[in-house]
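A.B. asks: whatever this is, show me its structure:
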Amino acid sequence: MAMRKRKKRFPVVAFAGLGLVVFGCSLASAQPPRMELGQANIAPGVLHWFGTDHLGRDLFAMIWSGGRVSLAIGFLGALVSGIVGIVVGTTCAFSSSKVDALLCKGMEIVLSVPSLLLVVLIQSLGGEGSVWSLALVIGLTSWIPLALVVRAEVQTLRREPFVQAAWAMGAGPFYLLRKHLFPNFFPSIAYMLVMSVRDAIVFESTLSFMGLGIGFERVSWGSLLSMADQAFLAGTWWMIVVPGVFLVLVMTCLSDLGEFMRRRWNV
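C.D. replies: Numbers count the residues shown, from 1 in each chain. As a prediction, this is how the structure comes out:
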């Protein structure tokens, strides 16, 4: 019993760490700091806590403004993925066997292609991205696993007497989804939604590192890491370590929260 309680203990450290990062990013300016070439490549110190980059921009300010962009893409991408996955999964569960089989076969074909490859392909065709376009692309390429889980859960729930009674009384699919289905299958997808936020942030960082992310006028954690080659040549180790530490910190916190949800609801 003690081990069971320990496994379900709320990850306070992960929640507090993620909360502090989100709070700091929410207070940051949406505009990146100005360039001061006379202050270029200054190591961390009293004037610049995290140092400056090769353009003289303060890394401390860029970390928070860049985190604002990365987190926005992560949460918006997960929101798009969640909405599409829930709608398509519910549609499959309530459709005829032929339509359900057709939709599932299509999802299996798309699922066989790595998500990152799809994101890179679509983003490369679309050109320079923005927060909204990146979130949309990431969300529209990562909803299929969630849709398959929702489909399985809804197919099980629709056999329950309370769902059958509501359906017999004339309740429509969206009413059933909002009132009866979603509250019951949410524990099964909560873990996947949290992991979607993490994956979306990773995708954004990867795209920015490859030069397919947001434009130069915006800063994100991925775009900061994309300057790693310049940092190696200039010996500015802080340009690699600081963004990497923040990115790993957020990934770890999200993973701990997702793992807690998975164990809490036994999914």
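A.B. asks: now stretch 247-262: average pLDDT?
C.D. replies: If you average the pLDDT over stretch 247-262, you get 87.
A.B. asks: what comes up buried for that stretch?
C.D. replies: 247, 250-251, 253-254, 256-262 (16 or more other C-beta atoms under 10 Å). Any C-beta I mention is one placed from the backbone N, CA and C, and that applies to glycine too.
A.B. asks: most widely separated two among the residues you listed?
C.D. replies: The largest separation in the buried residues of stretch 247-262, counting by C-beta to C-beta, is between 247 and 262 at 22.4 Å.
A.B. asks: can you give me the mean pLDDT across the strand or helix carrying residue 233?
C.D. replies: Secondary structure from DSSP states H and E places residue 233 in helix 228-234. In this model, helix 228-234 has a mean pLDDT of 74.
A.B. asks: kindly export it (C-alpha atoms) in CSV.
C.D. replies: C-alpha atoms of helix 228-234 as CSV (Å, rounded to 0.1, in the frame of the first residue of the first chain):
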residue,chain,number,x,y,z
ALA,A,228,25.2,26.4,-31.9
ASP,A,229,27.7,26.4,-34.8
GLN,A,230,28.4,30.1,-34.3
ALA,A,231,28.7,29.5,-30.5
PHE,A,232,31.3,26.8,-31.0
LEU,A,233,33.4,29.0,-33.3
ALA,A,234,33.2,32.0,-31.0
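A.B. asks: tell me the helix or strand right after that helix.
C.D. replies: Where DSSP H and E defines the elements, the next helix or strand beyond helix 228-234 is helix 238-264.
A.B. asks: what is that following helix packed up against?
C.D. replies: helix 12-27, helix 59-94, helix 182-209, helix 221-225, helix 228-234 (3 or more C-beta pairs under 8 Å, 6 or more residues apart in numbering; DSSP states H and E).
A.B. asks: report the angle between it and helix 59-94.
C.D. replies: 30 degrees (axes from the mean of the first three to the mean of the last three C-alpha atoms, to 10 degrees).
A.B. asks: all good on my end, thank you.
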